[in-house]
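J.: Sequence first, then the predicted structure, then my questions.
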Amino acid sequence: MNKVHAYILGAAGFPGGDLLRLLSGHPAVAAVRAVSQPHGDMPFYKVHPHLRGIVEGKFDAVPDWRWLTDSPQPVVFAALEEEELARQLPTLEKQWAELGLSERLVLVDLSPDFRLDHPGRYAATHGRPHPAPDLLERFVYGLPEWRRDKLKGAKRIANPGCFATAVQLALLPVAATPGLGMIAATAVTGSSGAGALPGEVTHHPTRAHDFRAYKPLEHPQEAEIDVMLVAHKASRHRLTFVPHSAPLVRGIFATVQFEWPENGGGVSTASLTEVYRRYYATSPMVRVVEGTPRLASVVGSNFADISVATRGRTVAVMVALDNLVKGLAGQAVQALNVALGLPEDTALRQAACFPC
């Protein structure tokens, strides 16, 4: 395996911190550099104090792409604000091509910019045209449990959203079942999903003892889930999604409910659990558990814990994962592993910190 040299763009945010943490222990990664214009020449630990003495280095104010030219396997992780990479990418692609990097470089984008595969779908979801519509088709959607085969050898990867990851994992084993009808998804997330910069939704006095829904029935990640269902030829489904903001720092707990079709045969908790176990038997980052998943069992790790419950034809699927790891940075590393032909869980088999 060729050794990886990786650049992280937008590395001062929470995803950048987790990427630095995970890549520092990755056996295929020879070196990592990180970019943050406001923090240029500042040691990593000044922004990410948990990395003190673990990940040495300083932020670059701007990337030096020549550093990647001698790498046997150049990689770029983009953890930028929404549409920032999309606006820059046409220029970046030209720069990489001039340096002979374009065809070798693997780009993993953690933003929403390239998750939807059609300009019209992007415009309908985000209410504005895509900044670089001609580049959309170059990206592979980076949910390994769904797109594993397409990720092998991929050079441009769009990391899924954290909510979309949880809900899709809940639905993948049954997505091709016809006639599920109304699929009602709800998910609770912590404040870290809103980013490192303080704001109303992250400010401690307004967040610590509050619980609220936000963007009900209009969250953009609903479109990602719908794309997956359509790809599975799910018939007559109607997806609704309501996310909630909770007094947590990390974690997503999602519950997805639907009615098992009358002509779909009998369903029980035991039989459906077995369906999920078989489906995820080759997915090392998904654990099918009994009872309810627990955030405390996954926070800080790249694992997603899933369980099911039934009563008659009513089905509830529950998923717990860390929004910054399996929902973001860890999943980006997992997708990179698949793209490079490495074991999918390389550098990711780390237990949660319990109690957290």
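T.: Arrived safely.
J.: Tell me, how many residues neighbour the nearest residue to Arg104 once chain neighbours are set aside?
T.: Leaving aside its sequence neighbours, Arg104 sits nearest to Pro74 (Cβ to Cβ, 6 or more residues apart in numbering; 5.9 Å). (Glycine included, C-beta is placed from N, CA and C.) By other Cβ atoms under 10 Å, 23 other residues sit near Pro74.
J.: biggest helix in the chain, by residue count?
T.: helix 84-98 (DSSP state H).
J.: contacting residues for Phe354?
T.: By Cβ atoms under 8 Å, 6 or more residues apart in numbering, the contact set of Phe354 is 296-297.
J.: how would you label it: helix, strand or coil?
T.: coil (DSSP: H, G, I helix; E, B strand; the rest coil).
J.: For Arg294, see how far away it is.
T.: Distance, Phe354 to Arg294, by Cβ to Cβ, to the nearest Å: 9 Å.
J.: go on, Ala86?
T.: Look at Ala86 and Arg294: by Cβ to Cβ, they are 37 Å apart.
J.: out of the two, which sits in the busier spot?
T.: Between Ala86 and Arg294, counting by other Cβ under 10 Å, Ala86 is the more crowded of the two (22 against 18).
J.: Which pLDDT does the model give that one?
T.: pLDDT, Ala86: 97.
J.: same deal with His204?
T.: For His204, the predicted pLDDT is 69.
J.: Have a look at this structure and report the helix or strand with the lowest mean pLDDT.
T.: Lowest by mean pLDDT, DSSP states H and E among the helices and strands of the chain is helix 204-207, with a mean of 72.
J.: Give the next helix or strand downstream of it.
T.: With elements assigned by DSSP states H and E, the helix or strand that comes after helix 204-207 is strand 212-213.
J.: Which other helices and strands does that following strand contact?
T.: strand 238-245 (3 or more Cβ pairs under 8 Å, 6 or more residues apart in numbering; DSSP states H and E).
J.: what lines up beside the strand it packs on in the sheet?
T.: Sheet pairing of strand 238-245 (DSSP bridges) gives strand 182-189 (parallel), strand 212-213 (antiparallel).
J.: between those, which gets the lowest average pLDDT?
T.: Among the strands paired with strand 238-245, strand 212-213 carries the lowest mean pLDDT (a mean of 89).
J.: Can you tell me what sits against that one?
T.: Contacts to strand 212-213, defined as Cβ under 8 Å, 6+ apart, come from residues 242-245.
J.: Of those residues - the most surrounded one?
T.: Pro243 (23 neighbours).
J.: picking that back up, mean neighbour count, the strands paired with strand 238-245: which tops it?
T.: strand 182-189 (a mean of 20; mean count of other Cβ atoms under 10 Å).
J.: rewinding a little: for the residue nearest to Arg104, which residues make a bridge with it?
T.: Going by DSSP bridges, Pro74 forms beta bridges with His5.
J.: Check the gap between it and His232 for me.
T.: Taking Cβ to Cβ, one finds Pro74 at 34 Å from His232.
J.: what's the domain layout of the chain?
T.: 4-159+326-339, 163-323 (automatic domain parsing).
J.: got those as CSV, with distance to Arg349 columns?
T.: Output for the domains of the chain, formatted as CSV (distance: least, Cβ to Cβ, whole Å):
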stretch, distance to Arg349
domain 4-159+326-339, 10
domain 163-323, 7
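J.: And these: which comes nearest Asp345?
T.: Smallest distance to Asp345 across the domains of the chain (Cβ to Cβ): 4.2 Å, for domain 163-323.
J.: and that closest one, how far out from the chain's middle?
T.: Counting by Cα atoms, centre = their mean, to the nearest Å, domain 163-323 is centred 13 Å from the centre of its parent chain.
J.: quick one on the thing from earlier: confidence-wise, which of the contacts of strand 212-213 comes last?
T.: Ser245 (88).
J.: For that one, list each beta-bridge partner.
T.: With DSSP bridges as the rule, Ser245 is bridged to Thr189, Arg212.
J.: Enumerate every residue touching it.
T.: Taking Cβ under 8 Å, 6+ apart, one finds 188-189, 191, 201, 207, 210-214 in contact with Ser245.
J.: out of the residues you listed, who's nearest Val317?
T.: Val188 (14.8 Å).
J.: Pro247 is in contact with the closest one, correct?
T.: No - Val188 lies out of contact with Pro247 (Cβ atoms under 8 Å); the separation is 10.0 Å.
J.: overlap in contacts of these two?
T.: Contacts common to Val188 and Pro247, judged by Cβ under 8 Å, 6+ apart, are absent.
J.: of the contacts of Ser245, closest to Gln334?
T.: Closest to Gln334, out of all of the contacts of Ser245 and judged by Cβ to Cβ, is Thr189, at 19.8 Å.
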